[in-house]
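A.B. asks: Attaching a predicted model along with its sequence, questions to come.
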Amino acid sequence: MTELNAQMVALGLPRRMRKFELDSRGYPVPWFVDRNICPIDIRVMDQHKRDEAVKHRKCWVCGETLGRFLTFVLGPMCAVSRITSEPACHRECATWSVKACPFLSHPQMNRSPRPFSRTPREVPGVMIKRNPGVIVLWTCRDFEIVNVSNGWLIHVGMPSSVEWWSCGRPATLAECQESLNGGLPALYDVAKQQGITDAEVARQVVAALKLLPAA
């Protein structure tokens, strides 16, 4: 397919992504995708680009240089812990992603069971494998690298703005609360495995609750 599909046309494509090749569905292939795999599998990131994005402050989606502000696409549990494995994006690219990505924009969608053509590299840290139904756009100016047993993760800085999204639109307070409540048991379990106390997790939860949208 050589043209954008109807959904992508309706959403509009960020200027920085208009140069990208399209996959068989008519979706632009984000910069982070490993293009050494054939056919291209949008689920598989290029580890070298992950390193490059952090070292040179490049957008995870379009690959161009970031400005003063960085927008991280987080699940609600990452908004609690302020830890993520994915580098930052331009705000425009992040906003487009939460509208265009099927997994991010459809709460009922599970991760594809389709086999990988090549076994992907393990994602650092511990992933909570669920569709949270709500996605957080966390915009800040800085971040720190945190070394873990199987690689490195990113600790995001204090936010200048926080947006909550669901179904490709701003999320309601009720949706945010439901998503948080659904993920907290798993977050407490992971924290316990890592030697983090319940009291520390509870403190992080209280801080995250202050960032929820108005009713």
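C.D. replies: Ah, there it is. Numbering: from 1, shown residues only.
A.B. asks: Let me see the backbone angles for the nearest residue to residue 49 once chain neighbours are set aside.
C.D. replies: Closest residue to residue 49 apart from its sequence neighbours, by C-beta to C-beta, 6 or more residues apart in numbering: residue 32 at 5.5 Å. All C-beta atoms are positioned from the backbone trio N, CA, C, and that covers glycine. Its backbone dihedrals place residue 32 at phi -70, psi -10, with angles given as degrees, to the nearest 10.
A.B. asks: per-residue pLDDT, residue 32?
C.D. replies: According to the model's per-residue confidence, residue 32 sits at a pLDDT of 94.
A.B. asks: hang on, residue 73 is in a strand, isn't it?
C.D. replies: Yes. Secondary structure assignment places residue 73 in a strand (DSSP: H, G, I helix; E, B strand; the rest coil).
A.B. asks: Contacts only, for it.
C.D. replies: For residue 73, the set of contacting residues under the criterion of C-beta atoms under 8 Å, 6 or more residues apart in numbering consists of 60, 86, 89, 94, 97-98, 104, 135-138.
A.B. asks: same thing with residue 62?
C.D. replies: Remark: with contacts taken as C-beta under 8 Å, 6+ apart, residue 62 is in contact with 14, 16-17, 20, 30-31, 89-90, 93.
A.B. asks: could you dump the contacts of residue 73 to CSV with distance to residue 68, pLDDT and neighbour count?
C.D. replies: Output for these, formatted as CSV (distance: C-beta to C-beta, whole Å; pLDDT from 0 to 100; neighbours: other C-beta atoms under 10 Å):
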residue, distance to residue 68, pLDDT, neighbour count
60, 17, 97, 26
86, 20, 95, 18
89, 14, 97, 28
94, 15, 96, 27
97, 20, 92, 22
98, 22, 93, 23
104, 25, 79, 23
135, 23, 95, 28
136, 20, 97, 26
137, 16, 98, 21
138, 15, 98, 25
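A.B. asks: Can you tell me which of those residues end up in helices?
C.D. replies: With helices identified by DSSP state H, the entries of the contacts of residue 73 that belong to them are 94, 97-98, 104.
A.B. asks: re the thing from before, could you identify the most distant pair in the contacts of residue 73?
C.D. replies: Across the contacts of residue 73, the two members that end up farthest from each other (C-beta to C-beta) are 60 and 136, 15.1 Å apart.
A.B. asks: Look at the closest residue to residue 197 other than its chain neighbours and say how many residues are nearby.
C.D. replies: Nearest residue to residue 197, sequence neighbours excluded (C-beta to C-beta, 6+ apart): residue 191, at 7.7 Å. Counted by other C-beta atoms under 10 Å, the residues lying close to residue 191 total 18.
A.B. asks: circling back: my read is that the residue nearest to residue 49 contacts residue 60, right?
C.D. replies: Yes. In this structure, residue 32 is within contact of residue 60 by C-beta atoms under 8 Å, at 5.2 Å.
A.B. asks: ok so, going back, what separation do you get for the residue nearest to residue 49 and residue 78?
C.D. replies: Taking C-beta to C-beta, to the nearest Å as the criterion, residue 32 is separated from residue 78 by 17 Å.
A.B. asks: Who has more neighbours out of the two?
C.D. replies: More crowded of residue 32 and residue 78, by other C-beta under 10 Å: residue 78, with 26 against 23.
A.B. asks: Pull the contacting residues for the more buried one.
C.D. replies: Residues in contact with residue 78 (C-beta under 8 Å, 6+ apart) are 72, 84, 136.
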